[in-house]
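Asks: The following block contains a protein sequence and its predicted model.
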Amino acid sequence: MSQPVNRTTSRLTRRLDDFAEHWDRLGSQIQFHVKTLSASRDVFTHYRVEFLRVIAQMSLGSGALALIGGTIAIVAFLTLTTGAIVAAQGYNQFSEVGVEALTGFASAYFNVRIIAPLTAEFALAATIGAGATAQLGAMRINEEIDALEVIGVRSIAYLASARVIGGLVVVVPFYCVAVVMAFFAARAGTIYVYGQSAGVYDHYFRTFLDPTDLLWSFAQVAAAGVVIMLIHTYYGFTASGGPSGVGEAVGRATRASLLASVVVTVAITLAVYGAAGNFHLAG
């Protein structure tokens, strides 16, 4: 009877240890996020040159990536395709019930509230965020972060806070491009592919496009951008295990940031629009 009891006890002990390890990891991650946000003012007082360099690298990229416009080209292409999908799906679905004129409503309503923000957030996580994790992870395993701390550089402010603020700065023009491209693709697809009148499309588009929704959409992307960069900088800062460990950190950070961006989007959408969606059919 002692062996089954010992096995049950060992299993319970392992589960408790795993549970405690997960909570310790969560606590250390929250502590790192607090330190990163609190060290943001040091970026503007001590590391302005590094901050400007990070912004330039995030926006236009480096090397061969800069030739095609860097991350901004990726964001534009992604939102261009999603806008075309809105035109195709919206027109076909509405035409089945005889209200294909409401395709402009679909672009003004769904692009602003859900599709364009999520697309921009995913692009931010997959490009800028993943790149930040890889850079910081490579510096960690090469002991460059330890070297910075030895010479008196505040590593969290210099590396993590600068990237978080840089991500917040570049996400605003990125999202402007994303919204414009989504609107352009939806309008061009509806008018030139499906042959709908430009006046009909513009009428319903302008009727349902609320400028307040655009402002909330920008706030939503900015909040998600901060969360995404916090997650990626943490995983890069704590990477270990050599090059394979850096790759694993990039994968974990991307997975966590994509999930976090969806949670932030849903939370802000419910907080702003409520269960009813603040929707009024008119026109």
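Replies: Yep, it's here. Residues are numbered from 1 along each chain as shown.
Asks: what stretches of the stretch 1-150 of the chain score poorly on pLDDT?
Replies: Scanning the stretch 1-150 of the chain for pLDDT under 70 picks out the ranges 1-8, 12, 16-22, 60-70.
Asks: Break down it into its strands, ranges please.
Replies: Counting by DSSP state E, counting those that start in this stretch, the stretch 1-150 of the chain has no strands to list.
Asks: Tell me how many other residues surround Val177.
Replies: 17 (other Cβ atoms under 10 Å). Quick note: C-beta positions are derived from backbone N, CA and C, even for glycine.
Asks: Which of the helices or strands spans it?
Replies: helix 162-188 (DSSP states H and E).
Asks: Any buried residues in that helix, and which?
Replies: Buried positions in helix 162-188, judged by neighbour count with 16 or more other Cβ atoms under 10 Å: 162-171, 174-175, 177-179, 181-187.
Asks: do the same with stretch 223-241
Replies: For stretch 223-241, by 16+ other Cβ under 10 Å, it's 223-239.
Asks: Kindly report the same for stretch 81-94.
Replies: Within stretch 81-94, judged by 16+ other Cβ under 10 Å, the buried ones are Thr82, Gly83, Ala84, Val86, Ala87, Ala88, Gly90, Tyr91, Phe94.
Asks: Adding distance to Thr127, write those out as CSV.
Replies: Shown next, in CSV, are those (distance: Cβ to Cβ, whole Å):
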residue, distance to Thr127
Thr82, 16
Gly83, 19
Ala84, 21
Val86, 22
Ala87, 25
Ala88, 26
Gly90, 28
Tyr91, 31
Phe94, 34
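Asks: Out of these, which is nearest to Leu118?
Replies: Relative to Leu118, the closest of those is Thr82; by Cβ to Cβ it sits at 8.8 Å.
Asks: Distance check, the closest one against Ser10.
Replies: Applying Cβ to Cβ, to the nearest Å, the value for Thr82 to Ser10 is 51 Å.
Asks: cool, and Ala186?
Replies: From Ala186 to Ser10 the distance is 59 Å (Cβ to Cβ).
Asks: circling back: counting contacts, what elements does the helix holding Val177 pack onto?
Replies: helix 40-46, helix 48-60, helix 71-95, helix 103-106, helix 116-124, helix 130-141, helix 198-208, helix 211-237 (3 or more Cβ pairs under 8 Å, 6 or more residues apart in numbering; DSSP states H and E).
Asks: and that helix with helix 211-237, angle?
Replies: For helix 162-188 against helix 211-237, the angle by axes from the mean of the first three to the mean of the last three Cα atoms, to 10 degrees is 140 degrees.
Asks: In this protein, which residue is most central in space?
Replies: For the chain, the residue whose C-alpha lies nearest the mean C-alpha position (Cα atoms, centre = their mean) is Glu121; its distance is 2.8 Å.
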